[in-house]
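Trainee: Requesting a structural model of the entry that follows:
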Amino acid sequence: MAKTEKYSICLDIGGTKILGCIFDAKKEIVFRIKKKTKSGGDSSQNVEEVIISVVDELLEKSGISIKDVKAIAAGAPGVINQDEGIVLTSPNLPWRDYDIKTPIQDRYGVPFYIGNDVNVGVLGEYEYGSAKGYSNVVGLFVGTGMGGGLILDNKLYTGHLFKGAEFGHMILNEEGPRCNCGQRGCLEAFSSKQGISDYVRQQVARGRSTMMADAVKDGVFKSKILKNSLAEKDAVAMEAVDRACHYLAIASGNLVNTFSPEVVIYGGGVIEAVGDIFLEKILAEVDKYCMPSIRKTVEFKKAGLGDDSILYGALSMIENGKKTK
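Mentor: Next up is the predicted model:
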């Protein structure tokens, strides 16, 4: 391989795991790792230590020198000032007003970029995935929570102070279940892993049996459990998914009417596992919530990059020198 070739290190930082990879000059992944990480209030496991440990491991195990790396980029949960590289708040990790850009750049001597994980994921789909070739894109990522991302006129829109596109917290029923944000009836409270898990726990408490009972006993289920439960026609699981998709259809209709995108992209761990089922159910309902004249000009798709959406979005930040706003 030519000595002049430059690599890019890209990270997807979550509350329970970190995906890290190295892209070559052809934008192909040549090495990757997946590492579990602690979540919650362990302040010693801060963002700086997390990123350094993963970058060091990527370099060590791949045999690639930092001298051949042109930049490092990451997507992470929370409100992030991507111009300054400051994590303002993060829901699942103990980071507040944390300047991560300076120490990482000082340690490795290369540029470092960071943005909200779903914004970065939608950017990845826009540049390299299912949204490639479209100028206006709405993204909904269904995971433990519910993230949103928005491309308007070929630019990632992050809103005032990088707080925009929080589609998971549009209120669809003011008397609905309590969301972690403090409001009631948010899309996230119905359609995320948390929302689905809460529904399953309610049904178990009423004496109903389900394959998912143990999986939601102490938290949220793993996507594979939901996939297996649906394959076995588990009644409670099917109800939970019907409910989740109903509210996703309403939310999608509202977003279509508001932004008139060319495409709505669904990504995240749940979609990666059972996306065909979700998309089918959303499409069966969404027309009821869209203005017909707008509905005719919008497509609905699954994310094309799967678990790698955020990694490719991080690559896009590097390629574009963070000109993503």
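Trainee: any idea how far stretch 151-165 is from the chain center?
Mentor: Offset of stretch 151-165 from its chain centre (C-alpha atoms, centre = their mean, to the nearest Å): 15 Å.
Trainee: could you give the mean pLDDT of it?
Mentor: The pLDDT scores in stretch 151-165 average 94.
Trainee: Also stretch 28-45?
Mentor: On average, stretch 28-45 scores 71.
Trainee: doesn't residue 70 make contact with residue 318?
Mentor: Yes. Here residue 318 reaches residue 70: they are 6.9 Å apart, a contact under C-beta atoms under 8 Å. Bear in mind the C-beta positions are built from the backbone N, C-alpha and C, glycine included.
Trainee: quick one: which of the two has more around it?
Mentor: residue 318 (22 against 15; other C-beta atoms under 10 Å).
Trainee: Could you pull up the residues touching the more buried one?
Mentor: Applying C-beta atoms under 8 Å, 6 or more residues apart in numbering, we find residue 318 in contact with 8, 10, 70-73, 111, 113.
Trainee: just checking, which of these belong to strands?
Mentor: The strands, defined by DSSP state E, take in 8, 10, 70-73, 113 from the contacts of residue 318.
Trainee: Residue 279: neighbour count?
Mentor: Neighbours of residue 279 using other C-beta under 10 Å come to 17.
Trainee: hang on, it in a helix?
Mentor: Yes. Secondary structure assignment (DSSP: H, G, I helix; E, B strand; the rest coil) places residue 279 inside a helix.
Trainee: And it, what's its pLDDT?
Mentor: Value for residue 279, per-residue pLDDT: 97.
Trainee: Please identify the pairing partners of the lowest-mean-pLDDT helix or strand in the chain and their relative orientation?
Mentor: Across the helices and strands of the chain, mean confidence by mean pLDDT, DSSP states H and E is lowest for strand 96-99: a mean of 86. Here strand 96-99 has these sheet partners by DSSP bridges: strand 86-89 (antiparallel).
Trainee: Just the CA atoms of the partner strand, as PDB, please.
Mentor: In PDB, the C-alpha atoms belonging to strand 86-89 read as follows (Å, rounded to 0.1, in the frame of the first residue of the first chain):
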ATOM      1  CA  ILE A  86     -17.700  20.400  23.000                       C
ATOM      2  CA  VAL A  87     -20.200  17.900  24.400                       C
ATOM      3  CA  LEU A  88     -22.800  20.100  26.100                       C
ATOM      4  CA  THR A  89     -25.000  17.400  27.500                       C
END
